[in-house]
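Enquirer: Based on what follows, work out the 3D shape:
(one chain, ligands or ions: 1)
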Amino acid sequence: MELHFYKYQGAGNDFILVDNRENKVDHHNPALIARICDRRFGVGGDGMMFLENEPGYDFRMVYYNSDGQPSSMCGNGGRCIVAFAKFLGVIKDETNFLAVDGPHYAKVSAEGDWVSLQMIDLETIDRDGEAYVLNTGSPHYVQLTSDLASKDVYHEGKAIRNNETYGAKGINVNFVEPEGDGYFVRTFERGVEDETFACGTGVTAVALAMATRNDQSGTVSTPIRVLGGNLNIRFSRQGNHFTNIFLEGPAKLVFEGQISI
Ligand SMILES: N[C@@H](CCC[C@H](N)C(=O)O)C(=O)O
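Expert: Numbers count the residues shown, from 1 in each chain. Got it, this is the predicted structure:
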């Protein structure tokens with residue numbers, strides 16, 4: 001069978017997308033997804049997504065990590081699939097779609113390459129020593145650090161992701177350093193089992209954790225630089241209640257192609 005795919009990237013977090021509205025692709029196949037995501041033997045990507053029909057919504061987002069396993073919410077993936085839905089003509093400039101963590105609202109620019117995605121509300125931020133632990137659709141560990149540019153994010157992130165506390169389910173590990181009006185963030189992602197160039201739920205977790213640390217209340221806007229570009233997170237904070245959380249940034253079509261599966 002020939003599989004037509006589209007490659008997107010959101011601040012360097014890259015994904016393979018397939019229009020599966022006609023349900024022609026049976027994607028419950030971890031080995032196949034992992035092979036397509038492989039950067040040497042396949043197309044290459046941090047994850048793979050299928051855009052499918054969902055009654056009551058514009059579409060459903062089905063997300064797999066590059067290890068071939070279905071996982072929790074992917075923020076940059078969510079932004080990319082919204083750009084893809086506009087490209088396909090499924091939506092115009094706004095959408096309500098369903099993802100693994102529930103409904104999401106998003107807005108996409110007229111050019112179709114910039115997306116503002118509403119994330120789930122949050123009420124709980126835990127601590128693990130000095131680190132913050134929270135779930136923004138995916139589980140995240142947030143640790144403040146210095147000299148982030150030369151940090152060994154792969155080995156330090158991998159050790160935390162696999163430690164006694166988190167090893168069974170895994171966790172995404174974000175290292176953060178203040179920079180200008182915002183932060184510089186690098187993330188080790190579970191399911192990719194490597195550092196990625198950006199993580200949307202990760203920078204969202206960082207923005208909420210840093211607002212808690214700095215006791216910022218009301219409406220907050222946090223610019224974050226990642227290896228693959230710049231993202232922005234807007235939200236309202238009242239005590240431990242975080243609402244109207246928006247993850248914003250680029251979502252671009254890179255190329256399309258066809259492979260035999
Ligand atoms: N890159 C994503 C996060 C994808 C899910 C994550 N790897 C997990 O399994 O928890 C993002 O942009 O949020």
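
Enquirer: for the closest residue to residue 12 other than its chain neighbours, what are its contacts?
Expert: Nearest-residue entry for residue 12: residue 228, 1.7 Å, with adjacent residues in sequence omitted and distances by CB to CB, 6 or more residues apart in numbering. Using the backbone N, CA and C atoms, a C-beta is placed for each residue, glycine as well. For residue 228, the contacting residues are 9, 11, 12, 13, 197, 198, by CB atoms under 8 Å, 6 or more residues apart in numbering.

Enquirer: Three-state assignment for the last one, please.
Expert: Counting by DSSP: H, G, I helix; E, B strand; the rest coil, the backbone at residue 198 sits in coil.

Enquirer: hang on, the earlier thing: ok, the contacts of residue 228 vs the ligand, which is closest?
Expert: Set against the ligand, the nearest of the contacts of residue 228 by CB to the nearest ligand atom is residue 13 (5.0 Å).

Enquirer: circling back to that earlier point, what pLDDT does the residue nearest to residue 12 get?
Expert: According to the prediction, residue 228 has pLDDT 98.

Enquirer: check whether stretch 223-231 contacts the ligand.
Expert: No - with CB under 6 Å from any ligand atom as the threshold, stretch 223-231 lies outside contact range of the ligand, at a closest distance of 9.4 Å.

Enquirer: end-to-end on that stretch?
Expert: 6 Å (CA to CA, to the nearest Å).

Enquirer: So which bits of it are buried?
Expert: Residues of stretch 223-231 classed as buried: 223, 224, 225, 226, 227, 228, 229, 231 (neighbour count, 16 or more other CB atoms under 10 Å).
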